[in-house]
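1. Would you be able to build a 3D model of this:
(3 chains)
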Amino acid sequence: MKLSEISSILECDFQGQDLEIIGMNTLKEAKENEVSFVSNSKYVKDLKTTKAAAVILSENLVSELPSTCVALVTKNPYWSMAILSKYFAPPIEETSLPAPKIGKNCTISPKAEIANGAVIGDNCTILAHVYVGAEAEVGNNTILYPSVTIYRDCKIGNDCIIHANSVIGSDGFGFATNNMGEHKKIYQNGNVVLEDEIEIGSNTSIDRAVFGSTLIKKGTRIDNLVQIGHNCEVGEYSIMVSQSGLAGSTKLGRNVVMGGQAAAAGHLEVAAFSTFAARSGITSSIKEPGKTYAGFPLMGHRQWLKLQAKLAKLIK
Amino acid sequence: MKLSEISSILECDFQGQDLEIIGMNTLKEAKENEVSFVSNSKYVKDLKTTKAAAVILSENLVSELPSTCVALVTKNPYWSMAILSKYFAPPIEETSLPAPKIGKNCTISPKAEIANGAVIGDNCTILAHVYVGAEAEVGNNTILYPSVTIYRDCKIGNDCIIHANSVIGSDGFGFATNNMGEHKKIYQNGNVVLEDEIEIGSNTSIDRAVFGSTLIKKGTRIDNLVQIGHNCEVGEYSIMVSQSGLAGSTKLGRNVVMGGQAAAAGHLEVAAFSTFAARSGITSSIKEPGKTYAGFPLMGHRQWLKLQAKLAKLIK
Amino acid sequence: MKLSEISSILECDFQGQDLEIIGMNTLKEAKENEVSFVSNSKYVKDLKTTKAAAVILSENLVSELPSTCVALVTKNPYWSMAILSKYFAPPIEETSLPAPKIGKNCTISPKAEIANGAVIGDNCTILAHVYVGAEAEVGNNTILYPSVTIYRDCKIGNDCIIHANSVIGSDGFGFATNNMGEHKKIYQNGNVVLEDEIEIGSNTSIDRAVFGSTLIKKGTRIDNLVQIGHNCEVGEYSIMVSQSGLAGSTKLGRNVVMGGQAAAAGHLEVAAFSTFAARSGITSSIKEPGKTYAGFPLMGHRQWLKLQAKLAKLIK
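-> Now for the predicted structure:
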């Protein structure tokens, strides 16, 4: 899509070279043929070094932009970004893609649906009512139990097991809101990447990234009914117990343990080997590795026990 | 079904005209050809004005009944209501209904199941392993991702997106219990109505109403793994973050925000523009619009921060 | 499999008679043709009376073993047990099993998948996209809504209703971890047994046992999005409200009520007629029947109300 078309869609002026744009991305990750945006003051600092061809932003930030970068000035840049995201969303399925490519020695139920453009490795077992979307990839020796849904473009590694009715790659929970309180969907044009030797329980949801990838690293164990938001990263050999959840963009280091019903807010970084007791609520980043926590608000596990002892005294 | 048959099923006496009864309903909503019941003292006040043809009730309430209304006296009216509810449950599927009616320009997977009597609008995308039940309706431009289940009689609006493995219209959690501790199912003969421009995440459950409708209003955004009980109402442009839940019959106003894992008890009314932090537990109705809350028991968000500061001091 | 093969797989010495072994089990439950293990000091006491043909254990426990029982000595017995569990896992499906046996007067969607070796009773309704695995059994008059998945070997009783997208028999969350922090799957070779007259909501997960059965007793009501871990037992006529959960091996007595989002830790026993308010967190066994609890940590419901009143005073 040409920059001139984009400026027309966003109803904003456009000056400069009419480049071909192939996608959208964050200021940091955008390439020379991508459009970016700034809607949160936290990211203004990334304006000066962005490689984006153009940036959607408000009038007052134009002066911060590198001279090589085109300004797309709108009143509500986040809303504009949401509008534009739809134009870069790939079709859900594409009959024009080649028939799915299936490896050697697979058992695939005739009642599973493998979309055009998908690639399945060797020795896979894919049971009835599974869906593998366009251009999704499944590695070798992987087992997909009934009614697992893998959305388009997601990548599943080797030696993975995904239990029944889990969903990999549903849209992240992203939208802009205008001053009438109405919401506009931000299309989630990223994907989910599962590395090797991962096991995922039943009825678990892992959302696709808005840009880039939601990433689950090697050897991780995820239980039933777990929520992983868009753009999260779960480190190697981590453990997420049933009904736990991660809000968007949170990154766990390796061997992190999230107890049952524990949850983390979004945009946090959690050091490796951290352990969170059941129902922990993590609301800020954890820098020191290897500690054990509990409670909401979160505290050291010993402190939590001490607090509970104090509270027990209160009612005696 | 004739009133005489009903009295025979409930093993109770019957006096008056033998009317044809077409359904069951609350005292307030019942029409002249419906049966109602009273099992909770809270609703005795509705007896005098009910339009129901007959009411299942205990001996001591007969005198409260309008003279035009037939008394069906039983020892455990709630249990009797449960017994009778089964007789008004429609069949799960009906081969006698007309073949499903599909709008123009739809993409419907041959691996989806659209039951007889269902109606699909124009420009819909319905992926593999979706189920749309008898007499369910789906509006224009709506996308149903794989393994979405829409139960019979439910209505989905225009421009909706429902992500994989979510369920619209499963039975509400309703049953009567006798003095032996045994449960009797109350058939959930209502439905779910989703208005336009709603997006629902993956693995979310929205239960059908026992009578009438569970209602999700225009523009609402519901995340993954969310629970919405029978007879709830969610106002326009509300937001329910992952793993949050509403117990039965709770009504949210417009632009209410429920944070992750937040929940509300049943039969509450929550004013518009209320915001609930993650893990809030709402146990009474909120009358004043536009405030922010946290905690369980629920309190103002600032109070909650103050309480946490006090508790932190306790252990220093 | 011969004991000599097992000792070769586990890379340990083997002395004694080369018996044929047909499975694995706990020390208490193991039969004369099964292998057991001890990895937790809590179970050392069961060594002396085990009937197992052989036990995987560490060097220092060999002397505790009955003379008739073969010692399989390894450095990390839990890890060895995990390795061996894979060899006793049945295939996911078996084309060599007989065609499924369907009772009289059933309605089974051609879009459901009933695996070879499954047995369906009379008068069942099985909707589209349901999966019933190898050697699974479904009783009479049972309804399976769309996209329900019943894993192999699970038993569903008579007069049960399972709502859409629920999963019965996914693998319990079991693995051994080595000193590098890597995990090894423990194959879950048990099953799930649902007795009669049980109703289960949508998007609920009930995990299969590692050995033996996860058991849900007669008349129990389980709501949507509920988690039941491996080897749990839920007593007759119990009630589990939406988003509640039980960690592995916890046993509830009859008529226990778990409120919404309530949860229990693993390996607990909960007395009959106990009631837990919404969000209760049960961390130790409950011996006295018939009481009402709340909070996390758990306390009597009245105490919880008292504590909340005290806390409210703190911030006044």
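
2. just checking, A:Tyr87 is part of a helix?
-> Yes: counting by DSSP: H, G, I helix; E, B strand; the rest coil, A:Tyr87 is part of a helix.

3. For it, which non-adjacent residue is spatially closest?
-> A:Met1 (6.2 Å; Cβ to Cβ, 6 or more residues apart in numbering or on different chains). To be clear about C-beta, it is placed using only N, CA and C from the backbone, and glycine gets the same treatment.

4. Close to chain B: what parts of the stretch 101-250 of chain A are there?
-> Within the stretch 101-250 of chain A, the positions adjacent to chain B are A:111, A:113, A:129, A:131, A:147, A:149, A:151, A:165-167, A:170-171, A:173, A:175, A:177, A:181-183, A:185, A:203-205, A:207, A:225, A:227, A:229, A:243, A:245, A:247 by Cβ under 8 Å from any Cβ of the partner chain.

5. Which ones among the residues you listed map onto helices?
-> The members of these all map outside helices under DSSP state H.

6. Give me the subset of these that also touch chain C.
-> Applying Cβ under 8 Å from any Cβ to those, those adjacent to chain C are A:111, A:129, A:147, A:165, A:203, A:225, A:243.

7. SS state for A:Arg302?
-> A:Arg302 - assigned by three-state DSSP - is helix.

8. What is the neighbour count of it?
-> Counted with other Cβ atoms under 10 Å in any protein chain shown, the neighbours of A:Arg302 add up to 12.

9. Ok, A:Ser4 next?
-> 11.

10. With A:Gly23 instead?
-> 14.

11. so who does it touch?
-> Going by Cβ atoms under 8 Å, 6 or more residues apart in numbering or on different chains, A:Gly23 touches A:33-35, A:88, A:189, A:211.

12. rewinding a little: just give me the closest of the ones next to chain C among the residues of the stretch 101-250 of chain A next to chain B to A:Glu93.
-> Within those, the smallest distance to A:Glu93 is 16.8 Å, found for A:His129 (Cβ to Cβ).

13. Just to check, that closest one is in contact with B:His129?
-> Yes: with contact defined as Cβ atoms under 8 Å, A:His129 and B:His129 form a contacting pair (4.8 Å).

14. First-to-last residue distance for stretch A:253-265?
-> The straight-line separation of the ends of stretch A:253-265 (Cα to Cα, to the nearest Å) is 15 Å.

15. out of everything not next to it in sequence, what's closest to A:Asn140?
-> A:Asn140 sits nearest to A:Gly121 (Cβ to Cβ, 6+ apart), 3.8 Å away.

16. Now do the one you found against chain C, distance only.
-> 17 Å (Cβ to the nearest Cβ, to the nearest Å).

17. again, but for A:Ile186
-> Counting by Cβ to the nearest Cβ, the gap from A:Ile186 to chain C is 25 Å.

18. what's near enough to touch that residue?
-> A:81-82, A:85, A:174-176, A:210.

19. Most widely separated two among these?
-> Greatest spatial distance in the contacts of A:Ile186: A:Ala176 and A:Val210, 11.7 Å, computed using Cβ to Cβ.
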